[in-house]
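# Any chance you could fold what I've pasted below:
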Amino acid sequence: MQQIIERAERNIRNALEDYGAHTNQRDVLDDVSDTFIRTLARDSAYAKQGLRELFSKSPVWDEELDALVINGTRTHDPDYSRIRSLARDILRPARMSAGDAVRNDIDAAIEFFADPDLSRPELYVAAINRLAPKAYAPSKKPSRVFKAICQHLGVADETAGSEFQRLYAQFADELTSKKLSFKLFVSINPGHFLTMSNPKCDQRGNTLTSCHSFNSTEYEYNCGCAGYARDEVTFIVFTVADPKDAETLNNRKTTRQIFAYRPGSGILMQSRMYNTAGGVYGAAEDSKLYRDLVQREISMLENVPNLWKTAPYLNGREGYVDIHPDFGGYADWTYENFDGKVSLRADYDADGDYLTVGEAGLCIRCGCEISSGLYCDDCNPENNHGEYTCDDCDEYCDDTYRVYDSHGHERYVCESCRNEYYTYCDVCDEYH
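Residues are numbered from 1 along each chain as shown. Just a heads-up that it's a prediction; the model follows:
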């Protein structure tokens, strides 16, 4: 754990250095203290233990980054021979007990899914309509068409963990698989949370800035960056301008979303999509792809069929996600226009617990817990604390007075400490 904490501290320092590399708006970044960095590194390392243990089982886990890196070596286009084989395995019981005509229709229906060119669509659709009259519709997802056929033929065993569920999940995954031409980072790195939105006033031009941009006090929500890093369930999913340039992981993100998952729970929350075009609008396909990749990865690591039912957060799924009372970030998944989603896996226990998203943030100067902004009240430079600091009580004051301690050392203290702890000398006109 000590090594994990030290790595988290390095990642935070590196992220903040990259974050400030191309912006003149550095006042906030210059206020970040060692206390803040060490506290966040420790808190995040312990909080994310469960997710780290789960993610580290993956062959694409990058230990130094504290992130999964999903790319073209991890993904592929559909393997239609495998789709055909899985469909035959699933439908074999129905095919074995059927007459020649039905058997021929089953074979033709399988080709609807396994023929990449759909060389005889009318034949395939006609066979499906004879097998299951209400299964097919032009706009219906192919995987759902196949499940409807299975249900009509009596081979769909919906019992959690059944052989049908296992094979159907593989069939649906293969049918919807996609070769990626980009790298998708799935991260619990606290540095990536701090830099989730690119810096304001970037000299290269602003891209994907928001109320979570960490070099700005324009909004009160940016304490949510540390709040996400300190909870047990959230991770950040993002792409960057140039994955070959490590700096862009911290200052040039091109898309990003917050997800939340507790290992073994079967509940997955997905927040708003942010991108360089502004976010939600026009981003539905990317959002769906990211969710699919995350669901596949989690299900594979937990050795559970990748079968999820997804619905909008505001469509009866509110009770599955709670917000920590001290979290000060922008809980965007609670807004209808932002398209937050909650997915329940087939093995989810209906009486299971919910996800608690977020934690209190940390003051970037003293490291104490806060629920708004980046500073506590005592450390906030915008508060009228006075220009000076008393050498005795360490409080801000409008003026200080020269005094001498019991060793004769010169000190500068506030009026209150001077009057309480020092005596005026009529000979030398000094306080001692």
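# who touches the residue lying closest to E382 once chain neighbours are set aside in this structure?
Leaving aside its sequence neighbours, E382 sits nearest to T217 (CB to CB, 6 or more residues apart in numbering; 7.5 Å). Quick note: C-beta positions are derived from backbone N, CA and C, even for glycine. Counting by CB atoms under 8 Å, 6 or more residues apart in numbering, T217 touches 28, 373-375, 382.
# Surely T217 is in a strand?
No - applying DSSP: H, G, I helix; E, B strand; the rest coil, one finds T217 to be coil, outside a strand.
# Now do stretch 25-32: distance to the chain's middle.
Centroid displacement of stretch 25-32 relative to its chain, using CA atoms, centre = their mean, to the nearest Å, is 25 Å.
# Check stretch 138-154 too.
32 Å.
# now swap in stretch 33-45 and tell me
With CA atoms, centre = their mean, you get 19 Å for stretch 33-45.
# Name every strand pairing with the helix or strand bottoming out on mean pLDDT in the chain and say which way it goes.
Every helix and strand of the chain was ranked by mean pLDDT, DSSP states H and E. The lowest is strand 396-397, at a mean of 81. If you go by DSSP bridges, strand 396-397 pairs up with strand 388-389 (antiparallel).
# can you pull the contacts of the nearest residue to K179 once chain neighbours are set aside?
Closest residue to K179 apart from its sequence neighbours, by CB to CB, 6+ apart: D77 at 4.7 Å. Residues in contact with D77 (CB under 8 Å, 6+ apart) are 177-179.
# And D77, how far from T176?
Using CB to CB, to the nearest Å, D77 is found at 11 Å from T176.
# which one is R95 nearest to, not counting chain neighbours?
I106 (5.0 Å).
# so where does the one you found fall, helix or strand?
helix 100-114 (DSSP states H and E).
# and after that helix, which helix or strand comes next?
Downstream of helix 100-114 (by DSSP H and E), the next one is helix 121-131.
# Looking at that following helix now, give me its mean pLDDT.
Taken as a whole, helix 121-131 has a mean pLDDT of 96.
# How far away from the center of its chain is the helix holding I106?
42 Å.
# That helix to helix 121-131, inter-axis angle?
Inter-element angle recorded for helix 100-114 and helix 121-131: 130 degrees (by axes from the mean of the first three to the mean of the last three CA atoms, to 10 degrees).
# Could I get the buried residue list for helix 100-114?
102, 105-106, 108-114 (16 or more other CB atoms under 10 Å).
# so can I have CSV of the contacts of D77 showing secondary structure?
Listed next are these as CSV, based on three-state DSSP:
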residue, secondary structure
S177, coil
K178, coil
K179, coil
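# Select only the buried ones of the residues you listed in PyMOL?
Only the buried entries of the contacts of D77 go into this PyMOL selection, using 16+ other CB under 10 Å:
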select buried, resi 177
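# Could you dump the contacts of D77 into CSV with pLDDT added?
Listed next are the contacts of D77 as CSV, based on pLDDT from 0 to 100:
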residue, pLDDT
S177, 93
K178, 90
K179, 92
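# Tell me the one of the contacts of D77 nearest A229?
Nearest to A229, judged by CB to CB, of the contacts of D77 is K178 at 30.2 Å.
# residues contacting the closest one?
75, 77, 289.
# Now do the same for the second one: helix, strand or coil?
Judged by three-state DSSP, the three-state class of D77 is coil.
# counting contacts, what elements does the biggest strand by length in the chain pack onto?
Counting by DSSP state E, the longest strand found in the chain is strand 253-261. Counting contacts by 3 or more CB pairs under 8 Å, 6 or more residues apart in numbering; DSSP states H and E, strand 253-261 packs against strand 234-240, strand 267-270, strand 274-275, helix 284-302, strand 355-357.
# do that again at 7 Å, thanks
In this structure, strand 253-261 packs against strand 234-240, strand 267-270, strand 274-275, helix 284-302, with contacts taken as 3 or more CB pairs under 7 Å, 6 or more residues apart in numbering; DSSP states H and E.
# The first one pairs with which strands, and in what direction?
Pointing back at strand 234-240 there. strand 184-187 (antiparallel), strand 253-261 (antiparallel).
# Let me have the ones you listed in CSV, extended by mean pLDDT.
Output for the strands paired with strand 234-240, formatted as CSV (pLDDT from 0 to 100):
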stretch, mean pLDDT
strand 184-187, 98
strand 253-261, 97
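# between these, which gets nearest to R10?
strand 184-187 (14.8 Å).
# where in this protein is pLDDT low?
Scanning the chain for pLDDT under 70 picks out the ranges 279, 384-386.
# Now do the helices for it: every range, in order, please.
2-19, 27-31, 34-47, 49-55, 80-96, 100-114, 121-131, 142-153, 163-175, 190-194, 224-229, 248-251, 284-302, 415-421 (DSSP state H).
# Make CSV out of the ones you listed and add distance to H407.
What follows is the helices of the chain, written out as CSV (distance: least, CB to CB, whole Å):
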stretch, distance to H407
helix 2-19, 37
helix 27-31, 33
helix 34-47, 29
helix 49-55, 49
helix 80-96, 82
helix 100-114, 87
helix 121-131, 94
helix 142-153, 80
helix 163-175, 75
helix 190-194, 43
helix 224-229, 41
helix 248-251, 47
helix 284-302, 63
helix 415-421, 14
